[in-house]
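**Q** mind folding the following:
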Amino acid sequence: SLSERKQSIIENDDGVEEYYTTEYPCDTLDYYDGTAWLECRLRDKLSDELLCVLGWSLEKSSDGSWLIDGIDWQDFREMYRPGIGREEWERICG
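**A** Predicted structure coming up:
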C-alpha cells in the first residue's frame, strides 16, 4: 500500500506502479517578467477522480532555462482534506 506521506504519490517511494494520470489543463503562463506558472493535475487512472493539483512557479535563470521557484500543492484525497484555507479550491478548480 502507499505510504501515508503526501509526497509518496509523486516520489513512488513504495515501488508501486503509478495509479494516476497527469493532465496539463492549460499552456504555461509566461508573465514576461522572468517568471511563469504551470499547472499539473493528477487524476486516478481508474475513476478519473482529481487527486492533486500542483502549481509550479517558475523563474528564468541567466542562461534562459526555467527553474522551479515554488510549488503549490492542493491535495483532494480524502485522507488529506480539507487543506487549511483550501476548502474552495475544489469548487473552483475541480
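**Q** for this protein, give me the ranges with low pLDDT.
**A** 1-8, 10-17, 81-94 (pLDDT under 70).
**Q** what about the strands in it?
**A** Using DSSP state E, the strands found in the chain span residues 20-23, 29-30, 35-44, 50-60, 66-75.
**Q** export those as TSV, with columns for distance to Ile9.
**A** Where C-beta positions appear, they are placed from N, C-alpha and C, glycine not excepted. TSV is the format used below for those (distance: least, CB to CB, whole Å):
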stretch	distance to Ile9
strand 20-23	7
strand 29-30	24
strand 35-44	7
strand 50-60	6
strand 66-75	8
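**Q** can you add mean neighbour count and give those back as JSON lines?
**A** Listed next are the strands of the chain as JSON lines, based on neighbours: other CB atoms under 10 Å:
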{"stretch": "strand 20-23", "mean neighbour count": "14"}
{"stretch": "strand 29-30", "mean neighbour count": "12"}
{"stretch": "strand 35-44", "mean neighbour count": "17"}
{"stretch": "strand 50-60", "mean neighbour count": "17"}
{"stretch": "strand 66-75", "mean neighbour count": "14"}
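**Q** looks like Asp72 contacts Ser57 (just checking).
**A** Yes - Asp72 is within contact range of Ser57, at 7.4 Å (criterion: CB atoms under 8 Å).
**Q** would you mind measuring from Thr35 to Val53?
**A** Using CB to CB, to the nearest Å, one gets 19 Å for the distance from Thr35 to Val53.
**Q** repeat for Gly64
**A** 28 Å.
**Q** ok, now Pro25?
**A** Distance, Pro25 to Val53, using CB to CB: 9 Å.
**Q** shared neighbours, the two?
**A** Shared contacts of Pro25 and Val53 (CB atoms under 8 Å, 6 or more residues apart in numbering): 39, 41.
**Q** for the closest residue to Leu54 other than its chain neighbours, which residues are in contact?
**A** Once flanking residues are discounted, Leu54 sits nearest to Cys40: 4.6 Å by CB to CB, 6 or more residues apart in numbering. Going by CB under 8 Å, 6+ apart, Cys40 touches 22-24, 53-54, 56.
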